[in-house]
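Chemist: dropping the sequence and predicted coords here.
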Amino acid sequence: MLDKPVLLHYFGCNDIGLIVAVMKKQPTLRDVAQLAGVSKATAARVVSGSSDPIREETRERVNAAVRQLGYERHAIAGSLRSARTFMIALSIPDITNPFWPEVARGIQDTLEESGYTVVMLNNDWNMEREQTHLRRMGQKQFDGLIINPTGTLNADLTKLRLPVVVLSSGDSFPDFDTVASDSADAGRMAMEHLIGLGHRRIGLISGQLRRRKSHTHRDTYVRLHREHGLEVDPALMIETDFSQESGYHAMKQIIALPQPPTAVFAVNDILAIGALQAAQEARLNVPDTISIIGMDDIFAAATTYPPLTTIAKPKYDIGLTAATFLLERINGASVAEPRHILLPCTLIHRSSTTARF
């Protein structure tokens, strides 16, 4: 800190208020403890968000002292003392997909209450990039990881020796807490909707399979056809990348068939919006000539013309639940077995699907 004579020379005699402000030291944890009437150790536990049992009255006094003094926790010093960085990594495959911001908001809102910062790691469906991110986990730069895997397997995550929550089905990640939407039921809901409207020739636009899964939307598509006595035509099933452009080209391929479908199930809204664009370019009326249903219920799904029928996933709740599970693991909660949660989805019927009898 500059000494007093230097300050007087630099600011001049008329700047005494600024001098006092500069010379005033930053409040310390000891100051917080003294004002709250507690030990420094107790103040530290409250400020760090520790799960140790602390009386609510004591916690409120410490938080009031923090606000009154304007105390800010020194993250680096705190991490050296506690062996925690208070940083959580969120690894996702596609930052451009509007599905993820709401999931991330649920994660961030939950973790910030306990003093953690969320760092987004995007791999663009690139397994090598995802592996690079995982190596950073091994360097102890983060206290925990929430991941929607692109190519990572259960065995890869066990090597990290780090609290991990997986945004996926528990079938593929038996050793970890997992949180996801009920994808199998969501696919069934979409197909039952179209079949219930009288459609008997239905196209499928799905993503390419990048890792082993116990269930895919293709499985649901085939099973529902067989349950309803419908013919399965491989020409109607297109696997492609999860992009609007890919949905557009897949739809062009489907509607060019000698016997095109009367409805299409696209497994996310981005693909469905691309399919809608291709149908309109071909001057096919949606939904009278061809119905389209998507999945996720991103914001754009309600703003297309016509508005897109879709299966809404509980995006915020997925993030909130995953973050809650991770905090419990970080704080050593007595949870013996991994938890595998599938959250229910909801059909949102808009104007891109209609009956065909």
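Modeler: Yep, that arrived. The shown structure was predicted, so the numbers you read here are calculated from the model rather than taken from an experiment.
Chemist: alpha carbons of the lengthiest helix in the chain, as PDB, please.
Modeler: In the chain, taking DSSP state H as the definition, the longest helix is helix 315-330. Extracted in PDB, the C-alpha atoms of helix 315-330 (Å, rounded to 0.1, in the frame of the first residue of the first chain):
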ATOM      1  CA  LYS A 315     -34.600 -28.700 -18.400                       C
ATOM      2  CA  TYR A 316     -34.200 -26.500 -15.300                       C
ATOM      3  CA  ASP A 317     -35.200 -29.300 -13.000                       C
ATOM      4  CA  ILE A 318     -32.600 -31.600 -14.600                       C
ATOM      5  CA  GLY A 319     -29.900 -29.000 -13.700                       C
ATOM      6  CA  LEU A 320     -31.200 -28.300 -10.200                       C
ATOM      7  CA  THR A 321     -31.400 -32.000  -9.400                       C
ATOM      8  CA  ALA A 322     -27.900 -32.700 -10.800                       C
ATOM      9  CA  ALA A 323     -26.400 -29.800  -8.800                       C
ATOM     10  CA  THR A 324     -28.100 -30.900  -5.600                       C
ATOM     11  CA  PHE A 325     -26.800 -34.500  -6.000                       C
ATOM     12  CA  LEU A 326     -23.300 -33.100  -6.600                       C
ATOM     13  CA  LEU A 327     -23.300 -30.900  -3.600                       C
ATOM     14  CA  GLU A 328     -24.300 -33.800  -1.400                       C
ATOM     15  CA  ARG A 329     -21.400 -35.900  -2.800                       C
ATOM     16  CA  ILE A 330     -18.900 -33.000  -2.300                       C
END
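Chemist: residues in contact with that helix?
Modeler: 88, 99, 102-111, 114, 116, 143-144, 146, 163-165, 167, 177, 179-181, 296, 335, 339, 341, 343 (CB atoms under 8 Å, 6 or more residues apart in numbering). No exception for glycine: its C-beta is placed from N, CA and C like everyone else's.
Chemist: which PyMOL command selects the buried ones in these?
Modeler: Remark: buried members of the contacts of helix 315-330, expressed as a PyMOL selection using 16 or more other CB atoms under 10 Å:
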select buried, resi 88+99+102+103+104+106+107+108+110+111+114+116+143+144+146+163+164+165+167+177+179+180+181+296+341
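Chemist: tell me which of the contacts of helix 315-330 fall in strands.
Modeler: Under the assignment DSSP state E, the contacts of helix 315-330 contribute 88, 144, 146, 164-165, 177, 179-181, 296, 341, 343 to strands.
Chemist: which of those sit farthest apart?
Modeler: Gly144 and Asp296 (25.6 Å; CB to CB).
Chemist: could you check the angle strand 177-181 makes with the longest helix of the chain?
Modeler: For helix 315-330 against strand 177-181, the angle by axes from the mean of the first three to the mean of the last three CA atoms, to 10 degrees is 180 degrees.
Chemist: let's number from 545 now, not from 1
Modeler: Understood, numbering begins at 545; the last thing we discussed is helix 859-874.
Chemist: show the average pLDDT along helix 859-874.
Modeler: Helix 859-874 carries an average pLDDT of 96.
Chemist: any idea of the pLDDT on Leu613?
Modeler: So, for Leu613, pLDDT stands at 87.
Chemist: quick one, phi psi at the closest residue in space to it that isn't next to it in sequence?
Modeler: What sits nearest to Leu613 in space, not counting adjacent residues and going by CB to CB, 6 or more residues apart in numbering, is Pro571, at 3.9 Å. Pro571 adopts backbone torsions of phi -60, psi 140, taken as degrees, to the nearest 10.
Chemist: number of nearby residues for Pro571?
Modeler: 16 (other CB atoms under 10 Å).
Chemist: surely it meets Arg611?
Modeler: No: between Pro571 and Arg611 there is no contact under CB atoms under 8 Å: 10.9 Å.
Chemist: pLDDT weak spots in the stretch 595-744 of the chain?
Modeler: For the stretch 595-744 of the chain, applying pLDDT under 70 flags the ranges 595, 617-627.
Chemist: low-confidence ranges in the stretch 745-894 of the chain?
Modeler: 754-758.
Chemist: swap the cut-off to 80 and go again
Modeler: Under the criterion pLDDT under 80, the flagged ranges of the stretch 745-894 of the chain are 753-759, 877-880.
Chemist: strands of that one, residue ranges please.
Modeler: 746-751, 781-784, 807-810, 835-840, 853-856, 884-887, 890-892 (DSSP state E, counting those that start in this stretch).
Chemist: same check, this time on the stretch 545-694 of the chain
Modeler: Taking DSSP E, counting those that start in this stretch as the criterion, the stretch 545-694 of the chain carries its strands at 631-636, 661-666, 688-691.
Chemist: which residues in this protein form helices?
Modeler: 548-555, 560-567, 573-580, 584-592, 600-613, 619-626, 643-656, 671-682, 698-702, 727-740, 761-771, 788-799, 813-825, 859-874.
Chemist: leaving out chain neighbours, which residue sits closest to Thr696?
Modeler: Glu674 (5.9 Å).
Chemist: how close does Leu634 get to Met735?
Modeler: 31 Å (CB to CB, to the nearest Å).
Chemist: again with Val662
Modeler: Separation of Val662 from Met735 (CB to CB): 35 Å.
Chemist: between these two, point out the one with more neighbours.
Modeler: Met735 (26 against 20).
Chemist: identify the residues contacting the residue nearest to Arg883 when sequence neighbours are not counted.
Modeler: Counting by CB to CB, 6+ apart, Arg883 lies nearest to Asp721, which is 4.9 Å off, once chain neighbours are set aside. Contact partners of Asp721, counting by CB under 8 Å, 6+ apart, are 708-710, 866, 869-870, 873, 879, 882-885.
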